[in-house]
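Novice: Starting from these lines, generate the structure:
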Amino acid sequence: MSRAGIRAWARRRDQNEPELLTMARQLGCVVLRLEAFDALLYQPKTQRFFMIDIKMPKGKPTQKQQQLIQAGWPLHYVASSTQLLALLGVTPDWPAGADR
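Specialist: Modelled structure (predicted):
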């Protein structure tokens with residue numbers, strides 16, 4: 001991918017992505033950003049992986065994401081901190097900066 005292509009792809013990231021990925025890291029997850037979907041989270045405490053794509057509330061999956069889902073990949077869409085907490089099995093009263 002050319003530099004211009006990388007910059008264009010980076011601009012297409014959802015506005016809420018940095019906040020939610022930071023939160024996942026604070027919750028103890030290892031975060032790997034990817035191209036077909038936004039991130040692969042690893043939760044060492046539970047030894048679980050989560051394929052996530054962060055969407056704005058009215059965001060729609062890309063064609064590649066639809067193909068992954070149709071092929072049986074467990075891709076989760078996350079648009080809010082409440083959804084991220086539920087996916088990771090963390091209680092909503094989780095304090096910012098704490099590691100659970």
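
Novice: show me what contacts residue 49?
Specialist: Going by Cβ atoms under 8 Å, 6 or more residues apart in numbering, residue 49 touches 40-43. Quick note: C-beta positions are derived from backbone N, CA and C, even for glycine.

Novice: Would you mind listing which of the residues you listed are buried?
Specialist: Neighbour-count burial (16 or more other Cβ atoms under 10 Å) is assigned, among these, to 41, 43.

Novice: so can I have TSV of the contacts of residue 49 showing distance to residue 21?
Specialist: Shown next, in TSV, are the contacts of residue 49 (distance: Cβ to Cβ, whole Å):
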residue	distance to residue 21
40	11
41	8
42	13
43	14
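
Novice: Parallel or antiparallel, which strands does the strand with the most length in the chain pair with?
Specialist: Longest strand in the chain by number of residues, with DSSP state E as the criterion: strand 48-54. As defined by DSSP bridges, the strand partners of strand 48-54 come to strand 39-43 (antiparallel), strand 75-78 (parallel).

Novice: could you give the mean pLDDT of the following helix or strand past it?
Specialist: Per DSSP states H and E, the first helix or strand lying C-terminal to strand 48-54 is helix 63-70. When pLDDT is averaged over helix 63-70, the result is 91.

Novice: residues in contact with the residue nearest the centre of the chain?
Specialist: With distances taken as Cα atoms, centre = their mean, residue 52 lies nearest the centre of the chain, 3.7 Å away. When contacts are counted by Cβ under 8 Å, 6+ apart, residue 52 is found next to 37-41, 75-78, 84, 87.
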